[in-house]
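**Q** Just to be clear, the model below is a prediction. Sequence and coordinates:
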Amino acid sequence: MSNYPLLNLFLTMLWFFLWILWLMLLFRVIVDIFRDDDLSGWGKAGWLIFACILPFLGIFVYLIVRGPGMGEREARHARRQEQAFRAYIKDAAAESSETPTAPKPRAGVDDLEKLIGLRDHGDLTEEEFQQAKRKLLSV
């Protein structure tokens, strides 16, 4: 057989997964540094240099100092993306309503927005939402 005992295999896998975890933390911190509008260019450069020169210490210090705001920044970014998506959908629906073949598209868009709001608020389950959406789009 092999000269590699089971415990060594376990420890190798543990170190490998810890390395993957650290890489995920590193990329998450770098994305957060670039996404943060409150940091100046010098602040972003400083954190990046700190994270690159002293990687483990830099990431852990960043998580201690700026970690609590990471979730807020991520939520803010998700809200902005959702607003941009909804604006795009509204613009696309308004453009399609200008074609003479589309019967009352604005009413369908309003109804669909109401359904999305009910689903997001938790008043509709995903299955109920899909059924109502199918019924709305088939009319």
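**A** Looks like it came in fine.
**Q** same for the helix or strand containing residue 127, what does it pack against?
**A** If you go by DSSP states H and E, residue 127 is part of helix 126-138. Here helix 126-138 touches helix 105-121, going by 3 or more Cβ pairs under 8 Å, 6 or more residues apart in numbering; DSSP states H and E. Heads up, the C-betas are built off the backbone N, CA and C, glycines and all.
**Q** buried sites along the helix it packs on?
**A** In terms of neighbour count (16 or more other Cβ atoms under 10 Å), helix 105-121 has its buried residues at 108, 109, 111, 112, 115, 119.
**Q** Could you give the separation of that helix from the chain centroid?
**A** Computed by Cα atoms, centre = their mean, to the nearest Å, the chain-centroid distance of helix 105-121 equals 23 Å.
**Q** helix/strand/coil for residue 4?
**A** coil (DSSP: H, G, I helix; E, B strand; the rest coil).
**Q** count of residues packed around the residue nearest to residue 55 when sequence neighbours are not counted?
**A** Distances taken as Cβ to Cβ, 6 or more residues apart in numbering put residue 26 closest to residue 55, at 6.9 Å, once the chain neighbours are dropped. Residue 26: 17 surrounding residues under other Cβ atoms under 10 Å.
**Q** by contact count, what packs against the host helix or strand of residue 26?
**A** Here residue 26 sits within helix 6-35, counting by DSSP H and E. For helix 6-35, the packing partners by 3+ Cβ pairs under 8 Å, 6+ apart come out as helix 41-53, helix 55-66, helix 68-97.
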